[in-house]
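*Asks:* Quick one, what's the 3D model for this:
(chains A and B)
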2 protein chains.
Amino acid sequence: MNGNGPNPRNTLSNNDQAIRDLRKIIIDCCRQCGGGHGGSAIGMVPLAVALWRHTMKFNPSNPEWFNRDRFVLSNGHVAILLYTMLYASGYPNMTLDELKLYASAKEPGKDGQWKSTLCHGHPEREVAGVEVTTGPLGQGIANAVGLAIASKNLGAQFNKPGHQIITSKVYCTTGDGCLQEGVAQEAMALAGHLGLNNLVLCYDNNQVTCDGPLSWIVSEDTNGKMRAMGWNVVDVWDGDSSVDEILAALKLAQMSTSKPTFLNIRTTIGYGTATAGTAKSHHGTYSDEDAALYANGDAQPHTLSNQTREFFSQLKEQGKTVEAEWDSRLSSYAHSYPKDAEKLRQRMTGQLDVQDLLRQLTTPSEPQATRQYNGFVFNALMDKVPQMLAGGADLWNSNQMGDQSNRILSRDHFDGRVIRYGIREHAMAAISNGLAAFGPGTFLPVTATFLMFYLYAAPGVRMGALSNLKVIHIATHDSIGEGQNGPTHQPVEVDSLFRAMPNLLYIRPADEEEVIGAWMCALASPDQPSILSLARDPPGVRLFTTSRDKVARGGYVVVENENAPVTLVSCGSELQFAYDAALKLSTLGILTRVVSMPCISLFEKQPEDYQSMVLSTSRHIISVEAYVSTVWARICTASISMDSFGYSGAGAANFKRFGLDGDGIARKVQDYVRAVDSSRTPMRRWVRLR
Amino acid sequence: MNGNGPNPRNTLSNNDQAIRDLRKIIIDCCRQCGGGHGGSAIGMVPLAVALWRHTMKFNPSNPEWFNRDRFVLSNGHVAILLYTMLYASGYPNMTLDELKLYASAKEPGKDGQWKSTLCHGHPEREVAGVEVTTGPLGQGIANAVGLAIASKNLGAQFNKPGHQIITSKVYCTTGDGCLQEGVAQEAMALAGHLGLNNLVLCYDNNQVTCDGPLSWIVSEDTNGKMRAMGWNVVDVWDGDSSVDEILAALKLAQMSTSKPTFLNIRTTIGYGTATAGTAKSHHGTYSDEDAALYANGDAQPHTLSNQTREFFSQLKEQGKTVEAEWDSRLSSYAHSYPKDAEKLRQRMTGQLDVQDLLRQLTTPSEPQATRQYNGFVFNALMDKVPQMLAGGADLWNSNQMGDQSNRILSRDHFDGRVIRYGIREHAMAAISNGLAAFGPGTFLPVTATFLMFYLYAAPGVRMGALSNLKVIHIATHDSIGEGQNGPTHQPVEVDSLFRAMPNLLYIRPADEEEVIGAWMCALASPDQPSILSLARDPPGVRLFTTSRDKVARGGYVVVENENAPVTLVSCGSELQFAYDAALKLSTLGILTRVVSMPCISLFEKQPEDYQSMVLSTSRHIISVEAYVSTVWARICTASISMDSFGYSGAGAANFKRFGLDGDGIARKVQDYVRAVDSSRTPMRRWVRLR
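*Replies:* Coordinates of the predicted model:
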C-alpha cells in the first residue's frame, strides 16, 4: 500500500501527507454531521491536491479575482471536498467552525433568527470560492462549459498580441452519475463541437454509484464516446495516490490546442475505509476505525498537520502575487489599448443601463405577434448591450430572433455573440447559468426556444433562479395559439411551474408596449432569471391602453368601467380576446372592466391598495388565459381557462374550439353571471367557467 | 438522377414507382394544409417503403395484433410520412379524406360540436397504427427502447423451446434532432447496456436541421459514439433511392444477436424539390413545380398509381396470414403450456384486480416515513401483479423500494422485473411510456426517484399524461423535510407543475393508510399516470382518522369540530403538523377542523355538496403545505406555505425554520385570525400567512 494509505511511514512527502490530512478532515466532518457524502471526497483528494496546490490560479484573499481559474464540482454531493480545500487553501470565510457545521443548520440564536451556514449539503454559489451551485447531476458539467465559453469569448474580444488578459481555465470534476445524465451529454457534445481547449473535465472513475457497482447500469466505452465527441482523452491509473500522475495528465490537458480534455482518473470510493470500493461508501457515516485510519497519532479531529499547513500556506502569498502580476498586465494593456480597457472594465463591473433606450424605443407599426416584436427589441439591444450573449436551440427562425448571422460564436470565431446550442434545451439553460456566473453582470445570457421545450430546460432554469443568475429566456409559441403542431407542442400547464418557482420572473406580455416593458423588468432585476412568454399567433394588435412602464407593476387597468360587476384579468394573446369580450358584454348590459396582468408575481409585490384599486370591487373577477388556471385563484373569483391538453389545428380555430376567443369568453361570462344572479346558493370561492 | 427523381422513365420498378407516388402524396398534403413538415418525409420515403412493404410484420386490418412489429417515429414532425404509409398499407381508418385534413382542424358540424381528426401535426397514439405520441424530440427513441424491453421481457417470460410466441421487433426512425437530445442519449446508452437486439434505430441522416446545416451544431463522429455505447452500426449510402440497400442493412440488423442496431442512412431533405438539401425544406410549402415533380402526368393530387396500389395491396392479405399463423402458434402453445397460455392471455388483456388485496393489506405498525410504507406496499404488489415492471434512477435504496435483487432485468435475465435505469431520469419516464404502450395493460410500469428529479423527467411524465399511459411514478424526498441535501434537492414548486398537468394524478399521502389509498387510486385509473409524492422525513405517525378508502374522494375530514372558525387543509408530512396545530389552537379557544387532502384533482371532481361539506362554513379555510401555494387558492382563503427555496439542515429544523411545524402553524393562524377579527377592512380573497 502506498504511503498515504492506512499504514503511515514516518516521513511522507508533502503531497502524501496532505492527502492523509485532508482525508482525515473529510471523515471527521462526516462523523460530525452523522451523514454527508464522504466516499468520493476521500477518493478524490489526490486530484484536489493536484488542482488546488499545484495547478489552479486563484487568490484565496480575493475569491472574486477576475482572471482566476474556475472550479466546478459537478458531482455536487462531494461538497465536503470543496469545503475542505477552501479551508486548507486559506479562504478566510471558510473557518474550521464553519467546516464543522457541514450539512447542519445552525439553531436560532438569542434573537430567534435562523442564521446561515456555509457548508451546505451541496455547494451553493453565495459562498466565496463556490463558482456555481451544484447537486442535480449533470448540470455542473454544463455550467463549466458555460464558464469556458465565457472565458474564450471575453479573451477573443479583448486579448491582443502580447496582451493575454483573459486566460481563465475551467476545471470541472464529475462522478459516474453526471456522465449518465442527458444534460451532460448535450453539454459535452457542444464543448467538443466548439473545441473548448480551456476546459478540463476530471472524471472520478470509481465505478460505484449510489445503488451499487457501475457495471449494473453502464457498460459503454466512455473514453471512446468522449473521443467521438471531439474530446482529448487522457488516462490516469493511480488516482488514489499519485499526485504526480494527475499533474502530468493536467499538463497534457493544458497543452491541448483545439479540444477540451477528459481526464479519466481511476479512484477508489472511500479509499482505505471499511466500505472502500462499495456503494455503502457513497454516503453515510464512518466508524472509529475509519477515523483512526488517517489520523496523526495524537492529533485532534479536523486538524491539519504542521507539514500540510505549511505546504498549503504558500497559496495565499502565491495568490496575491498572481493577482498583482495580472493587475500590472492590465495596466500595460490599458496603456496600449485605453478604449478596450475601459470596455473591459465595464464588463468586469457589469455596467448596464438600457432603461432609457427601452423607454424610447419605437417598434414597427404593422400588427405582429409578440414573438416578432420581441425579435425587434432583442436585435436593438444586441447592438447596444455588449454583455448579451444569446443563443437558441435550433428554433432561432421560428422564435423570430432575427438575423444575427454575422455574430455567430464558433470555434473559429470565439468573439461571436450568438451560440448555436443545437437541439439541446437543458444544456442551453445550464450553460447560460455558467455564462452568467463568470462575473458580476459580465454576461447577460439570453436563450430561446418554444415555451413547451423550456420544460426540457426546467431544471436549468430552476438552478438559475436558485443561484441568483440573471438569464433571459425567450419562450415563444406559448399556447394553443401555436396551432398546427398540436398538443405535444402546446403548453397548458408549464406556466404553473414557472409562476410558482421562487426568484423567477415569468412575464407574458400582450403587445409591443408590454414586450418592451417585459424587457425593462427583466433587465432591471439584478439577480434573477426571467422567462418572456411570447405568442406565435395571433398577429398582435396594438392595444391602445397598454403601457411599457406599467408592466413593472405586474398588472394594471386597461379598460375602466366604473361600478362594473365584472373585471376580466388577462395577459398574452388572450388580452385582445378579453377586450373583445368586454365590449360584447358591455353591449349586453354587463359592464366589464379589463385588467392586463403580464406578471402575477410583480403584481403581488405591489402595495395592498394598488392591488385593490386594480382588481376593484367587481363582484366577479375573472381570469382569462389559455392555460390550466392555478395561481389565478389567488386574486380571482373565477377563471376562463383550459382543463385539457390542446389540439392540432390553426391557432384561431383552437381559441374558438376551447371557448377562449371573444365570443367564447363573452358567452361564458354571460351564462355565469346570470346563473349566479338567479341563484340563491352562495358563490363558490372560485370556479372554472365552462 | 435515379428513376425516382424528377425525370421519370416510362417503366419504373415497383419500389421506385412507390417512392414517386408516396413523395407526391406527401407534397400534396403539405400544399393542402399550407404548411406541415414535408422535407424529411420526402427524404425518408425509400426507408418507409423498405419497412412497411418489405420488413415489418403487422396486420392493417387489426392494428392491435399483439405480436406486431412496432414502429416509432421519433422525429414526430415527419408525421405525414407515417400517415401516408398507413394509408398506402390499407389501415381502414386512414382514408384519403383524413389524409387531406393533415394538420388541420375540422370545423364544427351542424351540431356545433368540434370533431376529431386523425392526421395531427404530430402523430398521436389514439390513432390506429400510431404506437406512441411523438414530437418533443428524443423521447420517441426512449419510447422505442421501452417497447423493445417490453417485447424481450415478455418473450423471456413466455417463450418456450420451439414456441417463439413473442417476437416483436421495434423499428424507430430519428432525425438529427432527436440524437442531440439528452433523453435520447440516456435511452441509447441503456439500450446498448441491455443489448436490445430487437431494436433498430433508423437515422435519417440528412445533415439539416430547422435552422440550417447540421455542421453548425454537430461535429461528432456519430457512428463512433453509437459503437462506444454498444450498438451495432450499419451504413446506408443511398437512402434517397435504394430500397435494396436499406433492405440489406435491415437484414444485418435482424441478424444482430446481442446489440441494438443503428442504421446510418444518408438522405436528402426534400429530395428533388427546389429547396432540397436546405433548412428551408424542413417545414413550409411546396410550389406547383415541386408538385409536378413526382406527378404521374394526368393524375389527380393525392393519388397512388395503379402499380403502387397493387404493390401495397398485398399487405392486407399478408397481414391476415401473419396473424393467423401466429394464432395457430398460440394454440399449439396453449396445448403444450396451458397455464402459461392463460397467464399470457391475462397479460394481453391487461387483467388487473388488486383492490381487494390493497383493501385488506396491513402494514408494519412501527412509525415510518411514507416512503417506507410505500416500499412495503410496492413489494406486496410486486408479488401479486405480474404486469408490474419497475425501475429506479439509482436511488432505489433511498427511495426505500425494498430488496428486489432477485428480480433484476439484465441482458442475461430479460425476464427480470426491475430495471436499473441508471442516473437517467428523463429516459426512465419515456422508456416507461414505451412499456405501457406495448399492449393494453400488459405492463404496469413503475418508476422511482426523488420528486426533485421528476423535474428532469417531467417532459416524459407529460407525454404519458397526454397519451393516456398508465405509469406510476414513486417520488420520494418530496419537500424541505428531505433535510441535509439542501435546496437543490428540495422541491417547493414542482407540485404546481404536476397538479396543473391534465390527466395526471398527483397524490400526496400522509401516512400508511393513505399510501395504500394512493395505490388504490393509481391502480384504479385505467389510462392515466400517477405520481405518488412521498416523504423522506419525518418518521410517519399513524393518524388515527385517516382512511385508505377516502383517498379516492381526494379530501375528507379528519378532525371535525362543529362551527369551527378555522379549517386547516393539509397533506403529506404536513398533515401531522396540522393535527398538532389544531390541538394547540383549540386549546387557545380557536376551534379548528382538519381536512386531509391527498389529491386536489380528485377532490375537485366530487359533487358540489360533498366539497362544501368537507370544507365546511369555516370563515378561514387555510391550506398547510411546505410548497409554494398556487392551486390551493381555488378552495382556500389563506395558505401557510413556502415562498422561497429550502435550506440545507435536518428535516425537523427545516419545518421549524420556515414556520411549518405545529408551533409555527398555530402561531400564524392565531396572528391572522386575531388581525382579521380586530380589523374593519374586508378579508382579502386569499392571503399567504407569515
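*Asks:* neighbours around A:L615, how many?
*Replies:* 22 (other Cβ atoms under 10 Å in any protein chain shown). Quick note: C-beta positions are derived from backbone N, CA and C, even for glycine.
*Asks:* residue contacts, it?
*Replies:* A:567, A:569, A:595, A:621, A:635 (Cβ atoms under 8 Å, 6 or more residues apart in numbering or on different chains).
*Asks:* redo that, cut-off 10 Å
*Replies:* A:555, A:557, A:567, A:569, A:593, A:595, A:597, A:603, A:621, A:635-637, B:684-685 (Cβ atoms under 10 Å, 6 or more residues apart in numbering or on different chains).
*Asks:* so where's chain A shaky on pLDDT?
*Replies:* A:1-10, A:297-299, A:538-542, A:680-682 (pLDDT under 70).
*Asks:* quick check: longest strand of it.
*Replies:* strand A:620-628 (DSSP state E).
*Asks:* packing partners for that one?
*Replies:* Under the contact criterion of 3 or more Cβ pairs under 10 Å, 6 or more residues apart in numbering or on different chains; DSSP states H and E, strand A:620-628 touches helix A:494-500, strand A:566-570, helix A:574-587, strand A:592-596, strand A:638-642, helix A:662-677, strand A:687-688, helix B:494-500.
*Asks:* Only C-alpha atoms, please: export the fifth one in PDB.
*Replies:* Included here for strand A:638-642 are C-alpha records, laid out as PDB according to Å, rounded to 0.1, in the frame of the first residue of the first chain:
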ATOM      1  CA  ALA A 638     -63.400  32.600 -11.400                       C
ATOM      2  CA  SER A 639     -61.300  31.600 -14.400                       C
ATOM      3  CA  ILE A 640     -61.900  31.000 -18.100                       C
ATOM      4  CA  SER A 641     -59.100  28.500 -18.800                       C
ATOM      5  CA  MET A 642     -58.100  25.200 -20.200                       C
END
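*Asks:* Could you identify the helix or strand that succeeds it?
*Replies:* helix A:651-657 (DSSP states H and E).
*Asks:* Quick check on the contacts of A:L615: which are buried?
*Replies:* Among those, those buried by neighbour count (16 or more other Cβ atoms under 10 Å in any protein chain shown) are A:555, A:557, A:567, A:569, A:593, A:595, A:597, A:603, A:621, A:635-637, B:685.
*Asks:* nearest spatial neighbour of A:A429, skipping sequence neighbours?
*Replies:* A:G460 (2.8 Å; Cβ to Cβ, 6 or more residues apart in numbering or on different chains).
*Asks:* so is that neighbour in a helix, a strand, or just coil?
*Replies:* Under DSSP: H, G, I helix; E, B strand; the rest coil, A:G460 falls in the helix class.
*Asks:* Contacts only, for it.
*Replies:* Per Cβ under 10 Å, 6+ apart, neighbours of A:G460: A:136, A:138-139, A:142-143, A:183, A:425-434, A:447, A:454, A:471, A:473, A:529, B:455.
*Asks:* among those, which are in strands?
*Replies:* Reading strands off the contacts of A:G460 with DSSP E, I get A:447, A:473.
*Asks:* Just the buried subset of the contacts of A:G460, please.
*Replies:* A:136, A:138-139, A:142-143, A:183, A:425-434, A:447, A:454, A:471, A:473, A:529, B:455.
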